[in-house]
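Participant: kindly generate the corresponding structure for this input.
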Amino acid sequence: MVARSATAHVITVDAVEFIRFCYARRRVGWPELYDEMCAVASRGLFRGWGPDELAGHGIRFGLFEMPHLAVTVAEIVAEDRARMKAAAVPPGTRRSPAVA
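Facilitator: Have a look, this model is predicted:
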């Protein structure tokens, strides 16, 4: 068994946009979103980029990269959901906690 060296998993701003693009197409969770990401990459639907171009931006679809990709996707989707939820509440309607 060959040990793999620990490499820094860095994704670019464009990679984050790719994840958001895929999530906007199909608002599903993992692993269904992984399937959508693979489909988008295989068809070049995001800026014409395939798996090789996406790998250059930090998105890799291999088995060994999947745990990191799953965590990255979950973080980005959670941030976007929180942002959308905060934007959905009109500023003057937020309630303060009840005081006993």
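Participant: so which elements touch the lowest-mean-pLDDT helix or strand in the chain?
Facilitator: Sorted by mean pLDDT, DSSP states H and E, the helices and strands of the chain end with helix 66-88, the least confident at a mean of 92. Counting by 3 or more C-beta pairs under 8 Å, 6 or more residues apart in numbering; DSSP states H and E, the packing neighbours recorded for helix 66-88 are helix 13-25, helix 32-43. Where C-beta positions appear, they are placed from N, C-alpha and C, glycine not excepted.
Participant: contacts for the last one, please.
Facilitator: For helix 32-43, the surrounding residues in contact (C-beta atoms under 8 Å, 6 or more residues apart in numbering) are 18-19, 21-23, 25-26, 28, 45-46, 49-51, 54, 59, 61, 66, 69-70, 73, 77.
Participant: in that helix, what's buried?
Facilitator: By 16 or more other C-beta atoms under 10 Å, the buried positions in helix 32-43 come out as 33-34, 36-37, 40-41.
Participant: and the next helix or strand past that helix?
Facilitator: Remark: after helix 32-43, the chain's next helix or strand is helix 51-55, criterion DSSP states H and E.
Participant: so how far is Val89 from the most centrally placed residue in the chain?
Facilitator: In the chain, the C-alpha nearest the mean C-alpha coordinate belongs to Val73, at 3.0 Å (C-alpha atoms, centre = their mean). Counting by C-beta to C-beta, to the nearest Å, the gap from Val73 to Val89 is 25 Å.
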